[in-house]
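**Q** Test case, fold it:
(chains A, B, C and D)
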Protein chains: 4
Amino acid sequence: MKVSIVGATAYTSRDLIKILARHPEARIVHLGGRREGNPPIVDIFPELKGVCDMRLAGLEPADAPEKPDVAFFTLPHGVSMEYVPRYLEAGVRCVDFSADYRFDEVALYERWYRRHDDAANVARAVYGIPELFADRIAGADLVGNPGCYPTSVILGLAPFVRAGLISGADVTVDAKSGVSGRGNKPSLGSMYCECNEDLRAYKVTGHRHEPEMEHGLRLAGAAGAEVTFIPHLAPMDRGILATIVAPLEREATDEELQSVLEDFYAGRPFVRVRAAEDQPRTKAVSFTNCCDVAAVVRKRRRLIVTSAIDNMMKGASSQAVQNMNVMFGLDQTAGLL
Amino acid sequence: MKVSIVGATAYTSRDLIKILARHPEARIVHLGGRREGNPPIVDIFPELKGVCDMRLAGLEPADAPEKPDVAFFTLPHGVSMEYVPRYLEAGVRCVDFSADYRFDEVALYERWYRRHDDAANVARAVYGIPELFADRIAGADLVGNPGCYPTSVILGLAPFVRAGLISGADVTVDAKSGVSGRGNKPSLGSMYCECNEDLRAYKVTGHRHEPEMEHGLRLAGAAGAEVTFIPHLAPMDRGILATIVAPLEREATDEELQSVLEDFYAGRPFVRVRAAEDQPRTKAVSFTNCCDVAAVVRKRRRLIVTSAIDNMMKGASSQAVQNMNVMFGLDQTAGLL
Amino acid sequence: MKVSIVGATAYTSRDLIKILARHPEARIVHLGGRREGNPPIVDIFPELKGVCDMRLAGLEPADAPEKPDVAFFTLPHGVSMEYVPRYLEAGVRCVDFSADYRFDEVALYERWYRRHDDAANVARAVYGIPELFADRIAGADLVGNPGCYPTSVILGLAPFVRAGLISGADVTVDAKSGVSGRGNKPSLGSMYCECNEDLRAYKVTGHRHEPEMEHGLRLAGAAGAEVTFIPHLAPMDRGILATIVAPLEREATDEELQSVLEDFYAGRPFVRVRAAEDQPRTKAVSFTNCCDVAAVVRKRRRLIVTSAIDNMMKGASSQAVQNMNVMFGLDQTAGLL
Amino acid sequence: MKVSIVGATAYTSRDLIKILARHPEARIVHLGGRREGNPPIVDIFPELKGVCDMRLAGLEPADAPEKPDVAFFTLPHGVSMEYVPRYLEAGVRCVDFSADYRFDEVALYERWYRRHDDAANVARAVYGIPELFADRIAGADLVGNPGCYPTSVILGLAPFVRAGLISGADVTVDAKSGVSGRGNKPSLGSMYCECNEDLRAYKVTGHRHEPEMEHGLRLAGAAGAEVTFIPHLAPMDRGILATIVAPLEREATDEELQSVLEDFYAGRPFVRVRAAEDQPRTKAVSFTNCCDVAAVVRKRRRLIVTSAIDNMMKGASSQAVQNMNVMFGLDQTAGLL
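**A** Predicted structure coming up:
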């Protein structure tokens, strides 16, 4: 499978390149990125030396030396929608990292992001959480790769929605992310001396991943999903830990909650159910495509779910590759173990 | 004022010694600690060189070279209750860092900790949050210095309890602490390579600070306080950030919430009210006695409070000194700016 | 003493303000800084809330609401030399953080920095390491506050120069600095995800602190000082650890080296001599004006000195205040303990 | 190839298991470790869930369910020499992580470590740096896997020894290691709050890797190798950066030094030569088998080499697998890219 990466200078691309470089069925044929003089990618990410020795090229399908089978877009919101249609038209299947194709309602996207210039393709896009929507992904030409926070939350709650234990209403999500979630553009808030030894909430009045969580939970069956999401920045490179609180529809035991998770994720190798006393940790999922989850009940009717992913992997690049695997009928784990 | 520190080898003592060494009205006369050969305290904490050149002595009142006016106890739960009565009997006023004198009900203490051997003195102990209980602290011989997590939560919620905006029921606390909260006894969970680049919840089925929060909120006026507390360990030395969610009794605006905080903490120099977009950060309170708080409303009736303290300072040592200042009629800020 | 800080938005100013705010003899009367609308300093450094509530004003002497006795310049190299002469002319004594007044030879400055526009004042400037040059500092109107790396190295070697144990030739300095040494301007190299879990050398072909070390060692008596300096960036906020290797003029024992240090620094409260097995650590000097040093001999004739300072304190702000104390005949430790 | 890991509960084993689990030609058949009840390895290293689901077994060859072709020993110094002979006798080829088989002189080992109980096998052991000694490793039954610090230093200097540019005398090594180098046994010095925001030298009067560096340099051709080694502990999980200074035998240019490195390491995929301005960084080699090196000349005759490895990978586990690959005639990179 020939692969194009459009937007190759983003942090998420760095990990994507590493994964694809050792993927048994994939070969990168095109790194699209805008940098003066089309430098080698190792000039941007020195650790790719020996991993990928390609140079950057332009962003258009025509800039790819060979025609790709699949293209990954690691462009900013609003820019993806310019390029995705051109690749689809050229017969290239697309996995988009931006929010541009995550919502099935254009209006919802436009309320939180900006005007959508490619409404036509929104309808054909599939929301790419393979543990939940593998059937639809398998047939899709265009997959909207989920946001990092929503991935952790939807994987944590979907089993309980499906089991009828929660309605999806009154959900509170307190999530903590490593600094890589801020991207690689220098800013005061991303500096070492601002982040080290610091923990803080941000965007407490509303973060764009909140409607995406509600949307994903609706797709998973929670018609009335309503989430209050409070994101935090933690002093670490990678990882998201989401701590989720939701009212239970009825009383349940810890053992029952554990069974719900284990039954749901049986045969889904990337979600690992943890015992309550062996809590999910970001370190245990670091550099992997895994999501670790655990659940307990508190105060009789409160469900507490903890869910850990690597925001750059299951929250972005490796989930994108997992989506590609499903789209092309490969084993889901190809290149990801 | 002559000061004794009983349990001088604990992490919390290190900071306490630093504060007292520069306190204009206090002088350390006794460092009680059990170490073979009574070594100088700098052997345990090398950074105290030039700050405090005393040696350790025994733990008893009689081991103090001069009779102290006040004693701080940085002993483990259950050990404080052995020594506090002896100091009280010797006419020394006491500030205890353990949980032994935090609860006014012995039964509640015994449910979460262990048998209480000094019930007689529980009745005379005052819970030491000076912003809330200064009057009672001023007259007390024995102050139970609060836990770190409860301090951050009670300071964040008390103004809304007093204003009738919350009842104290259905409170959820998601708090993140630096590793110093685990103390200085070597253990796998405190090792650098276990904590660095990691974030995890712990004691999700119940932490002993949960009843202390409920108890403190009751003291502040919330008769029906009920808290679900989920503590987390974050990769940093110091600091607690508590993110608190509670149902509002009626709709309110962000401006109103901000006013409630500002009115309540006017004239209380250690609590700083932040704007919602300038969130409390652990780094901004590091090495200070400050508590930074902010509040917003979400989904119309959900109060979100964020509260940051230094767990070793306002969460332990500097709050203890603030309590001493109040007990002895000094300016609250003496030695703490 | 009335104090002006010219360049108040630099990282070094933040610590300077904190120190001066609690200095018993000093009062800040002027914060000079170029920011649109002269915002309060807390807008730049939120942690200064309650510490300093002043607003920024212009950079000129005339912008100071009251005439200062002393001005601190935390401006970039080349900018200080514009403003210092104006303050000197206005009768204000000056402590400059930049390199502009550190060298007594203009030519040496110009080789490593840029053209010098204020050569006239270079001659009257004194190099400000109070442990070595207190007599000259006491009478100075203009002190060049030393660089962070040179401070750590000159304090580590001067005793051995004075004792005739080293000539200053063939010195190798391997120094490791926290990220705050890079200042607070956002750049790729200062970002959390670039610095965390990373260690690297930089400017291995020549760093401007190398000639400053040689110059300082010459002032301390090592006529033929020649240093090979290799700076490194370490994943921490603060601190410099310099590991220095120099050939001994004759064989010596560890005990002799220890005595040389102890004799030299007796009565100099900020330099603490450590035993070889209780090595200087950046953490032990963090947020202090201390320099911790230790020395051993290896392979019979190799002197190994380790020296730790807080780059923002003894390497910048607190040393500047120490210089001020000496200039005005105060106790060296005023405001610094 | 069937693989036994003897000492499976050490930190180094965790990475070794991960590598072998995805090695195309290897299969773990035995995890030897002493833990009550032979628990699954995931109980010790939870992140191995889904990677390796085996249980621990005893340490003896007979405890292996299938006879292994090769055994890795991650036991402490002095313990390896008890078990290695038993595996050799059973016809199993051995790669030992301890220092027990690194030196070809028993006397040198005994001066720095302890009595050697298996002198007979010392003679047949080969020092395992594949970039230098591949021929001997290919035929060996017993490989002494090098120490982490020596690997970084010997790879950095060998090309200059071979080129006659340095004699190996008067070498100074200032190396900085992440905390994982201390192993996973809880101790005060390994705790988060002791290591974070700290940098310190240790064992400045002599570290056992110093004679190993000299020994390895002698093997590489520097008969008179003499090294002064100063190790440091840096606040990071992984990585070693060695900064090496050595006198050049004659003047040389930076370009010449760069060529020496590039020529020497051409065709050796794991050593990457960096430009002076693109210095080796621990982060760029993290979780890889790579060693990044760069060299410049200072003060005309001083060679400065910087060398970065992951102490747990090229400094331990991945180099062991590279040695196995060479021993069994596989491609050196098998399982390591």
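
**Q** The closest residue to residue A:54 other than its chain neighbours: neighbouring residues, count only.
**A** What sits nearest to residue A:54 in space, not counting adjacent residues and going by CB to CB, 6 or more residues apart in numbering or on different chains, is residue A:31, at 5.2 Å. C-beta coordinates here come from the backbone N, C-alpha and C atoms, glycine included. Look at residue A:31: counted by other CB atoms under 10 Å in any protein chain shown, it has 25 neighbours.

**Q** in what helix or strand does residue A:31 lie?
**A** Using DSSP states H and E, residue A:31 sits within strand A:27-32.

**Q** Quick one: name whatever helix or strand follows that strand.
**A** helix A:41-44.

**Q** What are the contacting residues of that next one?
**A** A:8-9, A:17, A:31, A:33, A:35, A:48-49, A:52-56 (CB atoms under 8 Å, 6 or more residues apart in numbering or on different chains).

**Q** Which of these fall within helices?
**A** Counted as lying in helices by DSSP state H, out of these, are residue A:17.

**Q** Now rank the contacts of helix A:41-44 by neighbours and give me the top one.
**A** residue A:8 (28 neighbours).

**Q** right, and that residue touches residue A:31 too?
**A** Yes: under the criterion of CB atoms under 8 Å, residue A:8 makes contact with residue A:31 at 4.0 Å.

**Q** Mutual contacts of the two, please.
**A** Common contacts of residue A:8 and residue A:31 (CB under 8 Å, 6+ apart): A:17, A:41, A:56.

**Q** from the stretch 1-150 of chain A, which residue is nearest to chain C?
**A** residue A:11 (7.4 Å; CB to the nearest CB).

**Q** For the closest residue to that residue other than its chain neighbours, pull up the helix or strand it's in.
**A** Excluding the flanking residues, the one nearest residue A:11 by CB to CB, 6+ apart is residue A:184, at 4.5 Å. Taking DSSP H and E as the definition, residue A:184 sits outside all helices and strands.

**Q** Please report the distance of residue A:184 from chain D.
**A** For residue A:184, the distance to chain D (CB to the nearest CB, to the nearest Å) stands at 13 Å.

**Q** and if you look at residue A:126?
**A** In terms of CB to the nearest CB, residue A:126 sits 26 Å off from chain D.

**Q** Check residue A:216 too.
**A** Relative to chain D, residue A:216 is positioned 24 Å away (CB to the nearest CB).

**Q** repeat for residue A:196
**A** 8 Å.

**Q** Okay, that residue and residue B:288: tell me how far apart.
**A** Using CB to CB, to the nearest Å, one obtains 17 Å as the distance from residue A:196 to residue B:288.

**Q** who's more crowded, those two?
**A** Each of residue A:196 and residue B:288 has its neighbours counted (other CB under 10 Å); residue A:196 has more, 27 against 20.

**Q** Please list all residues in contact with the more buried one.
**A** Contact analysis of residue A:196 by CB under 8 Å, 6+ apart lists A:235, B:236, C:179, C:192, C:196, C:235-237.
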